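S.K.: next one to model:
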Amino acid sequence: MPLSSNFTFELFTGYLVGSVEQNAFNCCGEKFAHTRWKISDAGIVGATVSYRWNSFDLRLSGWTLAWSGVSSESYTDAIVCDRGCRTRLNWRNDKAKLPRMYQIDASVGYNFYENAGFILTGLAGYRYLRVGLNEIGGLVEPSGVLGDLSALPMSSAYDLWWHTPYVGLGAAYDGGSYRLMAEIIASPFAIGGDRARMNNVTADASFIYHTSFLSKADYQTWMAGATLGGEIRLADQIFLTGKAQYQYYEPDRSKSAIQGICCGAVPATQSGELSALTLTVGLKAFF
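M.R.: All right, here's what the predicted structure looks like:
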């Protein structure tokens, strides 16, 4: 078959919702910091190109943040050092920023069953996902030991990323003027990365001060994802597309270590967890 019957190009846009969590544990295994962001007002734009060769489908897709505004709210619970004892501080920010988030996905599918419009496909691919989060001016809740800390310029910034080789299974039905599809993918071998910059608050009987520190970590994680979609023919070679895609990453804390921080033989750890749903509409053209 000629190239013109197998090559497709799609442009899409949509809405992004989800949550990101970052946990840090000290050398004794105690959780000393936990931050959670809720992403609720963000949009994406992206593109997909694909080519079918015999029973193989080659696909390259990517999307990036298109708008975010006040796109996230965050809540942090952390242990700080104060006057010789240990106290937890909590601060929240309803105007946290999501300055960047993007994904690149490359996959190969093999159609091992085709009959009467039904298609079953084995999938193998690689996905790279990166998230950047900033919060400035978070409101610190009153502390029973340190009192009113609302004047402290609390802030933090996080950068998280995941490298994910995966396998999966796809199913589709081609009705000529429309097409329905579903895919599930999974990976026990994803590698996550995490870089955090945050405030460290210390106090004594006469003053309170804050300093900043930067920590980095790499860790093993697992990932699961699912996609549901459909297409409707608008013209001879133009289709309207709609798609919902969900993905979830959960780290293995036993295989996470903060670079350069160690207490005896037990390393401190930090890791990120992500849950994200994208809802998109687009136009696909066959060439």
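
S.K.: can you pull out the residues in contact with stretch 125-132?
M.R.: Residues outside stretch 125-132 that contact it (CB atoms under 8 Å, 6 or more residues apart in numbering) are 20, 59, 98-108, 157-166, 168, 185, 223, 247, 249, 274. (Each C-beta comes from the backbone N, C-alpha and C, glycine too.)

S.K.: strands - which of these land there?
M.R.: Judged by DSSP state E, the contacts of stretch 125-132 include 20, 59, 98-108, 157-166, 168, 185, 223, 247, 249, 274 as members of strands.

S.K.: please indicate which of those are buried?
M.R.: 20, 59, 98, 101-103, 105, 107, 157-164, 166, 168, 185, 223, 247, 249, 274 (16 or more other CB atoms under 10 Å).

S.K.: where along this structure do the strands fall?
M.R.: Using DSSP E, strands in the chain cover 7-25, 31-53, 56-67, 72-82, 85-115, 118-136, 139-140, 155-174, 178-203, 208-235, 238-258, 262-263, 266-267, 269-286.

S.K.: dump those to TSV, plus mean pLDDT.
M.R.: What follows is those, written out as TSV (pLDDT from 0 to 100):
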stretch	mean pLDDT
strand 7-25	89
strand 31-53	85
strand 56-67	95
strand 72-82	55
strand 85-115	81
strand 118-136	90
strand 139-140	62
strand 155-174	91
strand 178-203	82
strand 208-235	80
strand 238-258	82
strand 262-263	44
strand 266-267	45
strand 269-286	88
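
S.K.: Phe56: what's it in contact with?
M.R.: Phe56 touches 108-111, counting by CB under 8 Å, 6+ apart.

S.K.: need the buried ones from those selected in PyMOL.
M.R.: Per 16+ other CB under 10 Å, the buried members of these correspond to this PyMOL selection:
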select buried, resi 109+111
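
S.K.: just put the contacts of Phe56 in a markdown table and tack on distance to Val281.
M.R.: Output for the contacts of Phe56, formatted as a markdown table (distance: CB to CB, whole Å):
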| residue | distance to Val281 |
| --- | --- |
| Val108 | 26 |
| Gly109 | 23 |
| Tyr110 | 28 |
| Asn111 | 26 |
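
S.K.: pull the number of nearby residues for Thr241.
M.R.: 19 (other CB atoms under 10 Å).

S.K.: what's the separation between the nearest residue to it once chain neighbours are set aside and Met101?
M.R.: In space, Thr241 comes closest to Gly282 once its chain neighbours are excluded; the distance is 4.5 Å by CB to CB, 6 or more residues apart in numbering. Distance of Gly282 to Met101, computed by CB to CB, to the nearest Å: 19 Å.

S.K.: and Ala116, what are its phi and psi?
M.R.: phi 50, psi 40 (degrees, to the nearest 10).

S.K.: and the pLDDT at it?
M.R.: pLDDT recorded at Ala116 is 93.

S.K.: what number of residues lie near it?
M.R.: Ala116 is flanked by 6 other residues according to other CB under 10 Å.

S.K.: and the one 3 residues further on, by the same measure?
M.R.: Taking other CB under 10 Å as the criterion, the count of residues near Ile119 is 19.

S.K.: next one: Val49
M.R.: Neighbours of Val49 (other CB under 10 Å): 13.

S.K.: check Asp174 too.
M.R.: Neighbour tally, Asp174, other CB under 10 Å: 15.

S.K.: who does it bridge with?
M.R.: Asp174 has these beta-bridge partners by DSSP bridges: Arg179.

S.K.: touching, it and Gly117? I think so.
M.R.: Yes. Asp174 is within contact range of Gly117, at 4.7 Å (criterion: CB atoms under 8 Å).

S.K.: doesn't Thr13 make contact with the residue nearest to Thr241?
M.R.: Yes. In this structure Gly282 lies within contact range of Thr13 using CB under 8 Å: 7.0 Å.

S.K.: spatially nearest residue to Glu273, not counting backbone neighbours?
M.R.: For Glu273, the closest residue by CB to CB, 6+ apart turns out to be Glu21, at 4.4 Å.

S.K.: what's near enough to touch that neighbour?
M.R.: Counted by CB under 8 Å, 6+ apart, Glu21 has contacts 34-37, 272-274.
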